[in-house]
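# Below: sequence and its predicted model.
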Amino acid sequence: MKLLFEKDVPGSNAFRFPMDDLPPATENIPHDQLRSTPVDLPELSEVEAVRHFVELSHRAFGVDDGTYALGSCTMKYSPKVNQWAAQLPGFADIHPNCVQPGADHLMCELQEMLADLTGMDAFTLQPAAGAHGELTGMMIIHAYLRDQGQNDRKVVLIPDSAHGTNPASAVMAGFTVRVVKSGPDGLVDLDDLAAKCGPDVAGLMLTNPNTLGLFEKNILEISRLVHDCGGLLYYDGANLNAIVGVARPGDMGFDVVHVNLHKTFSTPHGGGGPGAGPVGVKEFLRPYLPYPTIRRGEDGQIVFDADEEKSIGKVKSFFGNFGVCLKAYAYIKSVGYEGLKNAAQLAVLNANYLRCRLSEYFDIPFNTLCKHEFVASNLRQAPSGVRTLDIAKRLIDFKYHPPTIYFPMIVHEAMMFEPTETESKSRLDALAEAMKQIAREAETTPELVQGAPHNTVIGRPDETKAARNPVLSYKKPAQ
Amino acid sequence: MNIPENLRYTSTHEWVRFDGSQAFVGITDYAQSNLGDIVFVELPEIGAHLEVAAEAGTIESVKAVSPIYSPAAGNVVRTNAELESAPEKVNADPYESWFFVLEVSDPHAADSLLDAEAYRKICE
C-alpha cells in the first residue's frame, strides 16, 4: 500500500484557504528557528484521502473485529454508550478555560466513585496515562518523604514480575530501584522482601493481581513489612479490573494508587492518543496532589483548590483528558457498582476457563486458579523448534490477535492471555480450538507454524531492521 | 552452546577475560541467543567505579531490555564504542564483542567467578 506522500497529485486538493492576513511569522520567530525548505505536504482530493484511511482501517484488527486476548493490555470492549456520552455537544464543545456546571460535577463525582472503588480518600484526574499516573504517584511519595525530612529514603522496591514502567517511573521521580524476587509460587518472596526492607526504602510498587494473573494473597504481610520499615505502598492499577467491586487496594494497605481507565473502566485504548491514569491517595498525601484539585464543598458546590504550597504542581494542562474521564463516568453509571463486580468476576471466570482448556496442549507454568489473565509457554512445542513468536504469528492466520509474548520475563518464552469479560463461551472455545490446531501443527508440520502468518497482507516485518535503522519521516526520492 | 574454556563467567551470563589486572567483559553465547537480535547497547562511562554485580550498562533486544552486570569491582578504563553503532556484532560474535574493560582492584577477583564447566551447568 502506498503512503499518502506517494499518492500526492499536485493541484488535486480542492480546498482553498483564505488569504493569510496575520503579520508575517518572521517578525516574532528567531531567524534560525524558521524552516528554510518548503513543507511539501502531499495533495489529495477528499475522496482519495478518505479511501486511503478506509483501506488502512480494513487492514487493522481491533476488539470490534474479534477476540483480542492480549494479556496485560486488557483489550476489553468499549461500550458505544461511552462514545455517545462523550459526543454530547454540552461536553464535546466546552473550552477547558470555562468549565461549566455539569462538567465540574462530573469530574468531582468520578473522583468520588474512583475513591469509593479503590478505598482511597482523594483523587486527581490529571495524569494522561497509566505510566503518567505512576510517575505522578511516585512524585507524590517523593514530595511527602522530603517534607518529612526523610531524604535518605531513595530506594523503591519492585518485584521482578512488574511491568517495565514501574522501574522507569521510580527512576524518573528520583529514586533507585531494588528488585524483589518472586518465589516458586509466582508471588512476592516474603523472605527476600524482608531482607530488602530497610531505612533507605521509600516504598514498594506492586501490581495485584500480579502480571502472572495471580493474587498476592500475602498482601497484608507485605504491607506490614513495608510500612514497618517506614516505606509507602504504591498500587499499580494495571490489573484492578480483576478485583474491582470485590476488593479494594486501600483496604490492603496501599497509600497511593493509579487507575488505568481503559483497562478497568472500558475507555478506548489510546494507541498513542489520549488516555487517562487518575491517581488516588490516602488522606495524609492529599496536600501533595497536582493542583487544581476538585472537591465538593460543604454546601455541595464544587470547589477548585490551587493550594500550591505542598502540591507537586501540575502534571497536565487543565483537567487532564476530560473526554476520556467522561467515558469512564458513563461506563460506571451505565453498569453500576454491581455491574463492575460482575465484569471482574466474568473476566476471572473466562481466564480460568481458557487456562484449563489450553493446559491440555500447552505448558502453563503456574497452573493454579488465576485472576483475569494467565501465562503459558512453548515448552511442549520447543522440541520441534517452534517458538512462542511462531505460535503468536500463526494465531493471526486464524483471525485472532496474538497474546502478549515474552512478558513477563520471569517465564521463558511467555504467552500471556487475557480474554476479558466480554468474550462468550463459544468465542473462548473457538480460540482454544485454534490453539489446539496450532499445537497439532507444531508436532506434524512445524515449518507451517514457523513460516506464519500466511493469510495476511504483510508476513513477518523485519523487527530487527526496524529497531536498528528506524525510518521515522518520509523523504521524497530525488527526481 | 559455545563456552570457551579460557574465560571466566558469572551466573548472570557475563564472560570475563583477564589480562593482567584488566578484565574484558561481554555477554555469553547463551545470553545473546536467549535475548534474540540485539538492537541497542548502552555502555558505562569511562572512569566510572563499579562494585561487584553493579549495573554497568543495558542491552536492548527485540524482546527485552536487560542489564549487564559488572563481574568485579573496579574502574572502567575502556568501552567498546563500536557496539553502539553495530550492536549486531554481539549476536554474531559474542566472545569478541567486549562491552567494557575494568581495572580490577582485587587481584583474586577471578577466583570468585565461574569456570567454563560450572557455567555450563547453569545453562543446562
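Received it, and whenever you're ready, just let me know what you need. Numbering: from 1, shown residues only, chains lettered A, B, ... in the order given.
# use CA for all of it now, contacts and neighbours both
Will do.
# what's around the residue nearest to A:Arg296 when sequence neighbours are not counted, how many residues?
Spatially, and ignoring its direct neighbours in sequence, A:Arg296 is nearest to A:Ile302 (4.7 Å; C-alpha to C-alpha, 6 or more residues apart in numbering or on different chains). For A:Ile302, the count of nearby residues is 19 (other C-alpha atoms under 10 Å in any protein chain shown).
# quick one, what contacts A:Ile302?
A:104-105, A:108, A:294-296 (C-alpha atoms under 8 Å, 6 or more residues apart in numbering or on different chains).
# Torsion angles phi and psi at the residue nearest the centre of chain B?
Nearest residue to the geometric centre of chain B (C-alpha atoms, centre = their mean): B:Gly26, 2.5 Å. Main-chain torsions, B:Gly26, degrees, to the nearest 10: phi -150, psi -170.
# these two touch, right, it and B:Glu14?
Yes - counting by C-alpha atoms under 8 Å, B:Gly26 touches B:Glu14, with 5.5 Å between them.
# how close does the residue in chain B positioned nearest to chain A sit to B:Thr10?
Nearest to chain A, among the residues of chain B, is B:Val39, at 5.2 Å (C-alpha to the nearest C-alpha). Plainly put, B:Val39 is 23 Å away from B:Thr10 if you go by C-alpha to C-alpha, to the nearest Å.
# Compare those two (neighbour count), which wins?
B:Val39 (26 against 23).
# Off-centre distance for the host helix or strand of that one?
Assigned by DSSP states H and E, B:Val39 belongs to strand B:38-42. Offset of strand B:38-42 from its chain centre (C-alpha atoms, centre = their mean, to the nearest Å): 13 Å.
# does the helix or strand following that strand come close to chain A?
Using DSSP H and E, the helix or strand that directly follows strand B:38-42 along the chain is strand B:49-50. No - Strand B:49-50 is not in contact with chain A by C-alpha under 8 Å from any C-alpha of the partner chain; minimum separation 15.8 Å.
# What is the subsequent helix or strand relative to strand B:49-50?
Following strand B:49-50 in sequence, per DSSP H and E, is strand B:55-61.
# picking up where we left off before, quick one: the contacts of A:Ile302 as a markdown table, columns for secondary structure and neighbour count too.
Below are the contacts of A:Ile302 laid out as a markdown table (DSSP: H, G, I helix; E, B strand; the rest coil; neighbours: other C-alpha atoms under 10 Å in any protein chain shown):
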| residue | secondary structure | neighbour count |
| --- | --- | --- |
| A:Asp104 | helix | 19 |
| A:His105 | helix | 19 |
| A:Cys108 | helix | 21 |
| A:Ile294 | strand | 22 |
| A:Arg295 | strand | 21 |
| A:Arg296 | strand | 15 |
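# nearest to B:Phe100, of those residues?
Proximity of the contacts of A:Ile302 to B:Phe100 was ranked by C-alpha to C-alpha; the top entry is A:Ile294 with 52.5 Å.
# Show me which residues of chain A sit near chain B.
So chain A meets chain B at A:406, A:463-464, A:467-468 (C-alpha under 8 Å from any C-alpha).
# which two in those are spaced the farthest apart?
The span of those, defined through C-alpha to C-alpha, is set by A:Tyr406 and A:Arg468 at 19.6 Å.
# Show me what residue of chain A gets nearest to chain B.
For chain A, C-alpha to the nearest C-alpha, closest residue to chain B: A:Arg468, 5.2 Å.
# burial of residue 75, as a residue count?
In the absence of a named chain, this looks at chain A. Neighbour number of A:Met75 under other C-alpha under 10 Å is 21.
# That was the other one, I meant chain B.
Neighbours of B:Asn75 (other C-alpha under 10 Å): 19.
# Surely it is in a strand?
Yes - checked against DSSP: H, G, I helix; E, B strand; the rest coil, B:Asn75 lies within a strand.
# That one touches B:Glu45, doesn't it?
No - B:Asn75 lies out of contact with B:Glu45 (C-alpha under 8 Å); the separation is 9.6 Å.
# quick one on the thing from earlier: check which helices and strands the strand holding B:Val39 sits against.
With contacts taken as 3 or more C-alpha pairs under 8 Å, 6 or more residues apart in numbering or on different chains; DSSP states H and E, strand B:38-42 sits against helix A:463-468, strand B:55-61, helix B:82-85, helix B:88-92.
# Helix, strand or coil: sort out A:Gly203 for me.
Per three-state DSSP, A:Gly203 ends up strand.
# OK, contacts around it?
A:155-157, A:226, A:230-234.
# are any of the residues you listed buried, and which?
Burial by neighbour count, 16 or more other C-alpha atoms under 10 Å in any protein chain shown: within the contacts of A:Gly203 this picks out A:155-157, A:226, A:230-234.
# Please flag which of those sit within strands.
With DSSP state E as the criterion, strands contain A:155-157, A:232-234 from among the buried ones among the contacts of A:Gly203.
# between those, which is nearest A:Asn82?
Nearest to A:Asn82 out of those is A:Tyr234 (C-alpha to C-alpha; 29.2 Å).
# So that closest one sits against A:Gly253, correct?
No - assessed by C-alpha under 8 Å, A:Tyr234 is found out of contact with A:Gly253, at 9.3 Å.
# Which residues are in contact with A:Thr267?
Contact partners of A:Thr267, counting by C-alpha under 8 Å, 6+ apart, are A:78, A:82, A:261, A:324, A:327-328.
# Kindly apply the preceding question to A:Asp121 instead.
So A:Asp121 contacts A:115, A:280-283, A:286 (C-alpha under 8 Å, 6+ apart).
# Spell out which two among those are the most distant pair, please.
Spanning the widest gap among those are A:Ala115 and A:Arg286, at 12.3 Å by C-alpha to C-alpha.
# Name the residues contacting each of those two.
By C-alpha under 8 Å, 6+ apart, the residues touching both A:Ala115 and A:Arg286 are A:121-122.
# so what's the residue lying closest to A:Lys154 once chain neighbours are set aside scoring on pLDDT?
Closest residue to A:Lys154 apart from its sequence neighbours, by C-alpha to C-alpha, 6+ apart: A:Phe175 at 5.0 Å. At A:Phe175, the model reports a pLDDT of 98.
# repeat for A:Ala168
For A:Ala168, pLDDT reads 95.
# Sort out which residues of the helix or strand it falls within are buried, please.
According to DSSP H and E, A:Ala168 maps onto helix A:165-172. Using 16+ other C-alpha under 10 Å as the test for burial, helix A:165-172 gives A:166-171.
# And the next helix or strand past that helix?
strand A:176-180.
# got the contact list for that following strand?
With C-alpha under 8 Å, 6+ apart as the criterion, strand A:176-180 contacts A:154-160, A:167, A:170-171, A:188-189, A:192-193, A:196.
# same thing but at 6 Å, please
The contact list for strand A:176-180 (C-alpha atoms under 6 Å, 6 or more residues apart in numbering or on different chains) reads A:155-160, A:193.
# May I ask which of those residues comes out lowest in pLDDT?
Lowest confidence among these: A:Asp160, with 93.
# burial count for the residue nearest to A:Lys154?
Neighbour tally, A:Phe175, other C-alpha under 10 Å: 22.
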